[in-house]
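Peer 1: For reference, the sequence and a predicted model appear below.
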Amino acid sequence: MKVSYYAKTDIGLLRTENQDFYGIGEDFYVVCDGMGGGVAGAFASQLAVEVILKSYKTISDEQVRDIIGTDLSKIGNDIAIAIPIVTVMLANRILYNLTVKYPKLAGMGTTLVMCKIDRQYNVLNVYHVGDSRLYRIREGNIKLLTKDHSKINDLLDVGKIAESDIKFIENQSIITRALGIASSVKVDYQQYDYKPGDFYIMCSDGLNGQIDDNSIKDIVNRNSANLAFTVNGLISSANHAGGKDNTTVIVFTIDDDGQPVQLSKDICKSILSFSDDDLEKNLYEDRILKKTSKKLTVEIPKNLIQEKKIKNTYIYIVAFIIVLAFFVYYFFAKKNEKKLYNEKLNEVSGIILNIRHLKKDKLKTIIEVDNYHYRRQLLEEAKSFYKNYSFNFINAIVFIEEKNGYNKFIALSGNYPIKIYLPIGEYRMLLEYPRYSLVDNNLNIVKYLDLSISLTGGLEEKVILMVPNSLGE
C-alpha cells in the first residue's frame, strides 16, 4: 500500500495563539488540541506529541506489558497495538506531574486523536482522547470514526437529551476527557479495515466546529487529486465560516501499490478503553519518564513557572550591592554614550541580510511538484517559515550598488545574517553563486533585487531565498 498525506495547522481569525500541534511518524499521525491559560495549551499539545513520538521508539515490550497489565488480553496480547496506548499514558502522566509541580499550569491539558497504519493486515489503529476527530471518506461518503468525549454525548448515551435538542444546549464544547487533567487517563481504541482510495481526515474541533460533515465531504471530494489543496480548502472554509478557533488538519490516503498483503481475520469494531488508574502503574510511568524527559526539547514557558522565593538574607544583600554598582556605572559612566546613541538612533538606515537555501527534503518536494500554483505555495511557506525549511547560504557573493552603478557594498555570505549600513536611497542587489538564482518577494526567480533604503530607527531584516537554476520558473 502507498500512503500519501498532507498536514497543516492554522491559528484562525480570533485567537492570539495557536494551541494545536501535530506530529508525523512512520505511518503514524497525531493531532493534539491544547487547553489552558496563557500559553499552557500550546505547551501541552506540543509536549504531548513529542513524548508520544519519542517514547514510541524507545519503550520496551516489557514496560508496555507492565503498564497495560491484564488489559493486554483484550487486544490479543498484541504489543504493537498496545505501544501507542502506553505512549499516550506517558504523555498524560508528564503533563499531570507538571501541573502538580507548577501551580500556574493548573488546568493545562490537551485532546488527542492518533492513527497507526498496519500495512501487514490492511488495518488502521485509532487512539482517541477528547473531541479531536477522525473522519473517513469512502466511495464519496463520509463517516465519523471517533466519538467525542463530551458532556453532550454523555447525556445522549443515558437518554437525557435527544439529537434534536443539541442545538439548544449552551457550552457544547465541554469535554469529559483530556490528557493532563488527572493522574491517569482512559484511552479509547478502535480498529478499522482500510481500502484503496479511502481518505482519512484527522482534525481539531476548529474544523468541525465551523463547518458541517457534508461540507468536509464536499471539499475533500472536490480536491481529492491534490491533498495540499484539500487541507488548505478545509482550513480556508473553517476561517471563512468564522475562524473562531485554531484549526489543524491531517489528510492521508491509502492506495494499492500492487504488493501482497495479509488480510486480518478479526477486526475489532467495538470501542475498547484502556486506563492506567492504578498508583503502582503511575509510579512505574514516572520511572520511565525520568529517562525520556532528558531527551525532550520542549521547554516550559518561563512565565508559567512559579519562581521559588529566595529567603537567604545574605543573597539579598549581595544582589542589592551588585544592582547598586551597576546603577552607578550605567547612569554615570555610560551617560554620554547613551545620549549619543539617542541622538543617532533616528539616523540609522540599512538592512540585515538573511540569505537562505532550501533543505534537501523541501527542495525535493518542490522540484517534484508539477502544479505551478502549488509550487509557489510551497516556496511561500519556505520563505515565511525559513527557520524550519532552510539553512544559511554560505559563500554567496553579495553586491549592493546604487542605481547609477557605483558599488556600495561587497561581501561573502556566511553562517550569520550580514548587517549592512547604507545611506537612504535606491539600490540594486545581486547575489552570485554557481548554478543558483534569487527568489524575489513575488516568488519569481530573478537576477537581481531592487532595494529601497529609508530611515527605520534600526536595521530591517530581509530574508533572501536562493534556489538552484534547475528549479525553473
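Peer 2: Okay, I see it.

Peer 1: tell me the helices in this protein, going along the chain?
Peer 2: Using DSSP state H, the helices of the chain run over residues 40-58, 61-68, 79-101, 151-157, 205-208, 213-222, 227-240, 279-293, 313-328, 335-345, 360-368, 372-384, 386-389.

Peer 1: can I get the CA coordinates of the fourth one in CSV?
Peer 2: Listed next in CSV are the C-alpha coordinates belonging to helix 151-157 (Å, rounded to 0.1, in the frame of the first residue of the first chain):
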residue,chain,number,x,y,z
LYS,A,151,-20.9,16.3,28.1
ILE,A,152,-23.4,16.2,25.2
ASN,A,153,-22.5,12.7,24.2
ASP,A,154,-22.8,11.5,27.8
LEU,A,155,-26.3,13.0,28.0
LEU,A,156,-27.2,11.3,24.7
ASP,A,157,-25.9,8.0,25.9
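
Peer 1: List the buried residues of it.
Peer 2: 152, 156 (16 or more other CB atoms under 10 Å). (Glycine included, C-beta is placed from N, CA and C.)

Peer 1: Am I right that residue 466 is in contact with residue 434?
Peer 2: No: using CB atoms under 8 Å, residue 466 is not in contact with residue 434; the gap is 11.3 Å.

Peer 1: Have a look at the two and say which one is more surrounded.
Peer 2: residue 466 (19 against 6; other CB atoms under 10 Å).

Peer 1: Now do the same contact list for the residue nearest to residue 75 when sequence neighbours are not counted.
Peer 2: The spatially closest residue to residue 75, leaving aside those adjacent along the chain, is residue 81, at 4.7 Å (CB to CB, 6 or more residues apart in numbering). Listed by CB atoms under 8 Å, 6 or more residues apart in numbering, the contact set of residue 81 reads 75, 125, 189, 191.

Peer 1: Could you do residue 359 as well?
Peer 2: 389, 390, 391.

Peer 1: which residues does residue 198 bridge with?
Peer 2: Taking DSSP bridges, one obtains residue 254 as the residues bridged to residue 198.

Peer 1: Okay, now the unreliable bits of the stretch 201-350 of the chain?
Peer 2: 257-266, 304-315, 326-348 (pLDDT under 70).

Peer 1: at 90 instead, please
Peer 2: 254-270, 277-280, 283, 290-350 (pLDDT under 90).

Peer 1: wouldn't residue 144 be in contact with residue 212 here?
Peer 2: No: assessed by CB under 8 Å, residue 144 is found out of contact with residue 212, at 11.2 Å.

Peer 1: what about residue 141, neighbour count?
Peer 2: 9.

Peer 1: pretty sure it contacts residue 217?
Peer 2: Yes: counting by CB under 8 Å, residue 217 is a contact partner of residue 141 at 7.3 Å.

Peer 1: Go ahead and name everything in contact with stretch 66-75.
Peer 2: With CB under 8 Å, 6+ apart, stretch 66-75 has contacts from 64-65, 78-79, 81-82, 85-86, 89, 189, 268, 272, 274, 276, 278, 281, 284-285.

Peer 1: Filter these down to the buried ones, ChimeraX style.
Peer 2: Only the buried entries of the contacts of stretch 66-75 go into this ChimeraX selection, using 16+ other CB under 10 Å:
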select :64,79,81,82,85,86,89,189,268,274,276,281,284,285
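
Peer 1: Skipping its backbone neighbours, what lies nearest residue 354 in space?
Peer 2: Closest residue to residue 354 apart from its sequence neighbours, by CB to CB, 6+ apart: residue 417 at 4.2 Å.

Peer 1: what's the burial count for the one you found?
Peer 2: Neighbours around residue 417, by other CB under 10 Å: 19.

Peer 1: Flag every buried residue along stretch 80-96.
Peer 2: Result for stretch 80-96 [16+ other CB under 10 Å]: buried residues 81-96.
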